[in-house]
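*Asks:* Got a sequence here, can you build the structure:
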Amino acid sequence: MKSGDMEEILKREKKSWKKGISQTQFIAYGFFCVIMAGTLLLMLPAASRDGQCAGFLECLFTATSASCVTGLVVYDTWSQWTLFGQLVIITLIQIGGLGFITVGVFLSILLRRRIGLKERGLIQESVNALQIGGVVRLAKKIIIGTCIFEGIGALILALRFIPEYGFLKGIYYGVFHAVSAFCNAGFDLMGHKGAYSSLVSYYDDVVVNAVIMLLIIIGGIGFIVWDDIERNRLNWKRYALHTKIVLITTAILIFGGAILFYLCEKDHLLADMDGKARILTSLFASVTARTAGFNTVDTAAMQDSSIFLTIVLMFIGGSPGSTAGGIKTTAIVIMLFGVISSIRGTDGVNVFGRRLEDDAIKRGSAIFSLNLFLIVAASLAVMAAQPELVMSDVLFETFSAMGTVGMSTGITRELTDFSRVVMILLMYCGRIGSLSFALAFTQNKNTPPVKLPVGHIAVG
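*Replies:* The predicted model follows:
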């Protein structure tokens, strides 16, 4: 059966999938179930160091942050959670990063169960694959690639940590931080050096910085790009349009963000650092802001210009079908070239000698608008509930939650129950996608076959 035929069959089956539950709804409900299971496990006395059951809302916040690979925390991971609790968190991070659909399909492959058309459609929806053909092969590549990248990262980090923490603890720290970095989660175990300190003590460590940054970037460019690079190697001309856009945009954001951060902080946070530390810190700040959540400098001490730069990077995020969040690199490119096209008066949006499909332009605009709307609404709600909080801190927190970044100026622990619920909803929407979240409630509705008459309005 050809890929096009499979696509048509899949479209016809979407409305009746799983007793009326659409694929988008199934993924949204699945993530909810994963979060609730993690919450219940974290509430067990064995998960907390004091042997007491942690509060439901605190566990829900932690489980949501881990499953949605965000990194915002109300408790320091090392100080609050036992080994059992930490293993629950890292498992949630791994499932959330890869997507529970991908993990489930891989288990089905191991058990030699047949992968039907409906399951293939779920994989396509989960990893944002461009076509349904070859998605099972892509799922295998995702799991194998993840094991390779996380394994290499864990090994290098373990070799760095073993002299400092001992053999077993060094290996454990290497594995935990490799998984957290690859999944763009931002959870760390450095609380013994200072609560919520993240990787500040390693700000000038070349090995730790390089490994963490590479894992973040590899996890954030997307599984579709992996597949394209694996098939075409270094032959740029044969890369798909999606891959070209992702790679170029990612490079511009990384190095452009690093240069801007350096200029903003060279006389402030970077003033007392040597040249090597300045370069590492600037690069790390640019990379981690795009949904990773680690930090090697005190975020609250950054200049307002750096805060604003970080907010912009958090809003953009990583790439589609990756472990990262945000509106995605492709969406910002669509918006940018759409503006250029409007200014020039050209027919359609053209990139790299190709005209972008109208549906992609609509989705990009919708995602941009929905994310911004949710962030503004959440910020207003939190500021109304807690007027004592500084507006810039609240905006930073909401952008971080929506982009599933995890960076914070330190107000996460000060949030009331209402504000925490708002952040939980933002993290959930940010992980499954704001547009997907909206579609989960609307895409089963029947669309009238007749179009309404055209109306004219003035714009601009």
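*Asks:* In the stretch 201-350 of the chain, what residue spans correspond to helices?
*Replies:* 206-221, 223-232, 241-265, 275-289, 304-316, 329-344 (DSSP state H, counting those that start in this stretch).
*Asks:* got TSV for the ones you listed, with mean pLDDT too?
*Replies:* Output for the helices of the stretch 201-350 of the chain, formatted as TSV (pLDDT from 0 to 100):
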stretch	mean pLDDT
helix 206-221	94
helix 223-232	87
helix 241-265	94
helix 275-289	95
helix 304-316	95
helix 329-344	87
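*Asks:* who wins for proximity to residue 155 among the ones you listed?
*Replies:* Residue 155 lies closest to helix 206-221 among those, at 9.6 Å (C-beta to C-beta). Every residue, glycine included, has its C-beta placed from N, CA and C.
*Asks:* So for that closest one, what gets flagged as buried?
*Replies:* For helix 206-221, the neighbour count (16 or more other C-beta atoms under 10 Å) marks 208-209, 211-221 as buried.
*Asks:* Compare the helices of the stretch 201-350 of the chain and give me the one nearest residue 353.
*Replies:* Between the helices of the stretch 201-350 of the chain, helix 241-265 lies closest to residue 353; by C-beta to C-beta that is 8.8 Å.
*Asks:* Counting by contacts, list what the closest one packs against.
*Replies:* With contacts taken as 3 or more C-beta pairs under 8 Å, 6 or more residues apart in numbering; DSSP states H and E, helix 241-265 sits against helix 206-221, helix 223-232, helix 275-289, helix 304-316, helix 329-344.
*Asks:* Tabulate those helices (JSON lines), appending distance to residue 295.
*Replies:* Output for the helices and strands packed on helix 241-265, formatted as JSON lines (distance: least, C-beta to C-beta, whole Å):
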{"stretch": "helix 206-221", "distance to residue 295": "11"}
{"stretch": "helix 223-232", "distance to residue 295": "26"}
{"stretch": "helix 275-289", "distance to residue 295": "6"}
{"stretch": "helix 304-316", "distance to residue 295": "10"}
{"stretch": "helix 329-344", "distance to residue 295": "22"}
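*Asks:* right, and those helices - which one's nearest residue 138?
*Replies:* Comparing the helices and strands packed on helix 241-265 under C-beta to C-beta, the one sitting nearest is helix 223-232, at 5.6 Å.
*Asks:* how far out from the middle of the chain is that closest one?
*Replies:* Computed by C-alpha atoms, centre = their mean, to the nearest Å, the chain-centroid distance of helix 223-232 equals 19 Å.
*Asks:* So what touches stretch 145-163?
*Replies:* With contact meaning C-beta atoms under 8 Å, 6 or more residues apart in numbering, stretch 145-163 is reached by 97-98, 169-171, 173-175, 177-179, 181-182, 205, 207-208, 211, 214-215, 218-219, 223, 226.
*Asks:* now do 7 Å
*Replies:* Residues outside stretch 145-163 that contact it (C-beta atoms under 7 Å, 6 or more residues apart in numbering) are 98, 170-171, 173-175, 177-179, 181-182, 207-208, 211, 215, 218, 226.
*Asks:* thinking again about what came up before, let me know the closest of the buried residues of helix 206-221 to residue 393.
*Replies:* Nearest to residue 393 among the buried residues of helix 206-221, with distances taken as C-beta to C-beta, is residue 216, at 24.1 Å.
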